[in-house]
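Colleague: below are the sequence and a predicted model for it; my questions follow.
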Amino acid sequence: MKRKNDRGFPDRAAIVAFIKANPGKVGTREIAREFGLKNADRIELKRMLRELADDGLVKKKRHTISEPDSLPPTLVADITGRDADGELVASPTEWDEVESGEPPKILITMPRRPKPGTAAGVGDRALLRVERSDETEGPAYRGHIIKVFDKTKSRILGVFRSLPEGGGRIIPVDKKSADRELNIAPTETHGAQDGDLVSVDIIRSRGFGLASGRVKEKLGSVKSEKAISLIAIYAHDIPLQFRPAAEREAEAAEPATLKGREDWRDVPLVTIDPPDAKDHDDAVHAQPDPDPNNKGGFIVDVAIADVSFYVRPGTALDRDALDRGNSVYFPDRVVPMLPERISNNLCSLVPGEPRGALAVRMIIGPDGRKRSHSFHRILMRSAAKLNYAQAQAAIDGRPDDTTGPLLDPILRPLYAAYACVKRARDERDPLNLDLPERKILLKSDGTVDRVVVPDRLDAHKLIEEFMILANVAAAEMLEKKSLPLIYRVHDEPTLEKVHALAEFLETLDVPFAKGGALRPALFNRVLAQLEGHDHFPLVSEVVLRAQAQAEYSSENYGHFGLNLRRYAHFTSPIRRYADLVVHRALVRALGLGEGALPDTETPETLSEVAAHISVTERRAMKAERETVDRLIAHHLADRIGSSFQGRVSGVTRAGLFVKLAETGADGLIPIRSLGTEYFNYDEGRHALVGTRSGTMHQLGDVVDVRLIEAAPIAGALRFELLSSSSGETAPRGRRSSGPQRRPSFKAHPGRSPDKKRKPDKPKKPGKGKKAKGKSKGKGQKGKAW
């Protein structure tokens with residue numbers, strides 16, 4: 001029965017329920033029809049829908065109203081105000097309004113006696129544990145504060161540029177503020193020199209002209225590209241120095257001995273890593289299983305550095321490791337989770353040296369499935385340190401002095417075991433989005449030499465598959481022992497994203513079965529149909545964007561991408577705190593000695609740890625990406641006016657984002673520069689469509705562009721479109737509803753934010769370009785599962 005209020009109008013709960021029951025299909029017209037509303041009721045209905053959208057209970061996109069994107073169980077949020085009852089209200093710190101509409105509101109629930117570090121007020125930034133509210137009135141989510149972050153108001157980070165007359169200017173490092181320089185008076189420089197990275201307090205803002213600031217702190221010089229990663233390190237508050245107590249603990253640590261360990265020094269375990277790897281925390285070995293009941297099967301050993309032996313719970317080393325959450329890898333440096341004495345020495349499985357390790361021995365059946373496993377605390381001695389290309393070359397018939405003697409006794413059995421487990425992997429059918437990732441190679445002076453796409457070899461896949469097996473074994477063992485642990489989880493795509501993907505594929509005449517349970521195979525079938533087709537890179541990109549983000553959690557809801565019911569990170573405790581927690585839990589569960597997980601750790605306490613390290617992981621990914629952007633912008637700064645080929649990697653109301661084929665650099669073609677006509681944003685097609693000509697610029701299109709501006713400090717590039725492989729005319733019925741606002745590109749140095757843009761002058765007939773053809777090639781996008 002349709003619930004209505006005293007005036008015969010449907011209540012909020014009834015409208016929300018109807019929208020949830022019809023994902024992707026509901027507009028104002030459908031709601032009016034469902035509840036028998038007349039034209040006179042439309043104003044009241046629109047008012048109620050606005051309120052629901054403001055509270056985050058529904059999401060409005062053009063004429064479609066849907067259930068909002070779900071928030072993760074833990075997130076960082078900014079406390080923006082109070083509701084009518086005086087309760088704090090927050091919004092997610094990271095939220096894509098272009099893709100997802102208005103950010104949902106979160107009502108903060110405060111206990112009577114807040115824990116230390118959880119008292120918050122308006123303007124604070126906090127780590128929250130969130131859940132959907134059962135109420136239809138007010139915000140859609142309720143949040144509980146886990147931790148309040150230090151937040152300095154009215155302070156920005158920037159690079160100081162000195163002026164001949166004294167004082168200087170500050171170039172902000174944030175892309176959104178890169179054109180908003182600050183003026184620094186000679187008395188307010190705090191001794192800053194040209195090229196210094198500084199934090200600045202804004203002391204006066206003006207409606208016109210430059211705001212003024214005061215240098216608060218000098219953080220280091222970024223005059224050389226060698227120091228460019230400093231910007232991201234300070235911008236994201238990544239700890240750079242270890243506490244003195246942690247350094248002392250690391251220096252006092254002694255190498256592991258046989259005490260309390262099994263002796264595996266005669267097992268010829270080898271490490272296979274990238275050629276520039278500094279730490280080696282995993283080693284592998286395989287041999288045919290001699291058991292006659294497992295003919296055709298293998299014994300696979302995976303040994304992982306025993307970090308839990310050195311980093312004990314509650315120590316200064318442990319506190320520093322938890323604060324960092326993970327190591328951060330920049331092209332010019334690594335910010336490690338643990339001091340070098342631990343990460344590059346005592347826990348690095350270097351050849352010929354005895355090292356403590358936690359090993360899992362797995363029995364693999366001839367069908368590639370894991371039959372059983374056991375964990376062991378061992379003392380091992382690595383037989384060799386190999387890189388991926390080196391191991392692959394040996395198997396392909398090109399052994400060198402190191403791999404020659406290892407080929408038959410070690411490498412061939414490893415590859416035979418991989419061929420076996422691959423059968424089970426293929427049967428499991430995980431999400432097949434194996435897209436290449438670019439790597440920046442630097443010169444000795446820290447500048448960019450070139451950008452390469454390393455080959456994806458069987459050696460990579462071998463190590464990856466053995467690590468997945470070991471991670472599954474760790475999760476299974478801890479569940480069997482009923483111990484709390486931190487899972488690596490990956491949720492299935494939301495229904496809304498699945499419906500959006502289906503609608504997009506429909507425009508390409510690609511069938512997509514939306515019914516039934518979601519499985520990675522559903523997406524794999526779509527990709528397999530289009531492999532080698534012009535649309536393949538476009539569809540790969542859209543399928544990737546439909547996926548959820550993997551995270552850490554003390555509650556298990558499976559790993560959708562890998563198609564696994566239970567999964568935990570066990571194989572990299574040198575660089576990930578989650579793995580260290582799993583090691584400690586295994587030591588406790590199996591009675592393996594010192595360094596065990598304390599009895600005080602519960603699912604509740606580990607939930608907070610999982611929330612924190614999920615945040616630090618995203619922080620690291622963002623810092624790494626921004627540093628690459630800055631290095632590439634420095635690299636291209638002297639090539640203004642040059643032409644490049646690229647591919648449209650993003651489409652928004654602001655314009656087209658383009659990824660260059662040569663370097664992988666991303667930049668913006670502002671929508672205002674596309675021509676004299678207005679362009680509408682067609683969300684379903686991931687395209688901008690001309691209102692007059694119907695010319696369409698779509699995600700995945702190959703384009704030729706000219707570099708117009710580069711902002712190295714912010715890592716921003718601006719392009720001008722020269723030609724495009726797309727230029728389809730959109731069918732009339734598929735065009736979006738009206739012209740979009742033409743926002744300015746915010747990362748241009750030298751443009752005053754106070755100047756108003758004059759209207760575009762009409763061009764002479766024949767000067768505009770109409771795109772033709774279709775895109776080819778393969779998109780670039782990484783994943784972090």
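Modeller: Structure received. Residues are numbered from 1 along each chain as shown.

Colleague: what's the weakest-modelled helix or strand in this protein?
Modeller: When the helices and strands of the chain are compared on mean pLDDT, DSSP states H and E, helix 97-100 comes out lowest with a mean of 59.

Colleague: now the lengthiest helix in the chain: buried residues?
Modeller: Ranked by residue count under DSSP state H, the longest helix found in the chain is helix 603-636. Of the residues in helix 603-636, those with enough neighbours to count as buried (16 or more other Cβ atoms under 10 Å) are 606-607, 609-620, 623-624, 626-636. Where you see a C-beta, it was placed from the backbone N, CA and C, and this is true even at glycine.

Colleague: ditto for stretch 420-430
Modeller: Under 16+ other Cβ under 10 Å, the buried positions of stretch 420-430 are 420-421, 424-425, 430.

Colleague: for it, list the C-alpha coordinates in CSV.
Modeller: Only the C-alpha atoms of stretch 420-430 are listed here, as CSV (Å, rounded to 0.1, in the frame of the first residue of the first chain):
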residue,chain,number,x,y,z
CYS,A,420,49.2,-26.1,-12.8
VAL,A,421,47.7,-23.4,-10.6
LYS,A,422,46.8,-21.3,-13.6
ARG,A,423,44.2,-24.0,-14.5
ALA,A,424,42.4,-23.3,-11.3
ARG,A,425,42.8,-19.6,-11.7
ASP,A,426,41.2,-19.7,-15.2
GLU,A,427,38.4,-21.8,-13.8
ARG,A,428,37.8,-19.3,-11.0
ASP,A,429,37.7,-16.6,-13.7
PRO,A,430,38.7,-13.4,-11.7
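
Colleague: ok now it, how far from the chain's centre?
Modeller: Here the centre of stretch 420-430 is set off from its chain's centre by 26 Å, with Cα atoms, centre = their mean, to the nearest Å.

Colleague: gap between G325 and P288?
Modeller: 40 Å (Cβ to Cβ, to the nearest Å).

Colleague: these two touch, right, R319 and A246?
Modeller: Yes - at 7.4 Å, R319 and A246 qualify as touching, with contact defined as Cβ atoms under 8 Å.

Colleague: which of the two has more residues huddled nearby?
Modeller: The residue with the greater number of neighbours, taking R319 and A246 and applying other Cβ atoms under 10 Å, is A246; the counts read 22 against 14.

Colleague: what strand or helix carries that one?
Modeller: With elements taken from DSSP states H and E, the one containing A246 is helix 244-252.

Colleague: and that helix, what does it pack onto?
Modeller: Using 3 or more Cβ pairs under 8 Å, 6 or more residues apart in numbering; DSSP states H and E as the contact criterion, the secondary-structure elements in contact with helix 244-252 are helix 316-324, helix 340-341.

Colleague: need those in a markdown table with mean pLDDT and distance to G356, can you?
Modeller: Written out in a markdown table, the entries for the helices and strands packed on helix 244-252 read as follows (pLDDT from 0 to 100; distance: least, Cβ to Cβ, whole Å):
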| stretch | mean pLDDT | distance to G356 |
| --- | --- | --- |
| helix 316-324 | 95 | 16 |
| helix 340-341 | 95 | 14 |
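
Colleague: tell me the most buried of the ones you listed?
Modeller: Burial of those is given as mean neighbour count (mean count of other Cβ atoms under 10 Å); helix 316-324 ranks first at a mean of 20.

Colleague: tell me the helix or strand right after that one.
Modeller: strand 328-329.
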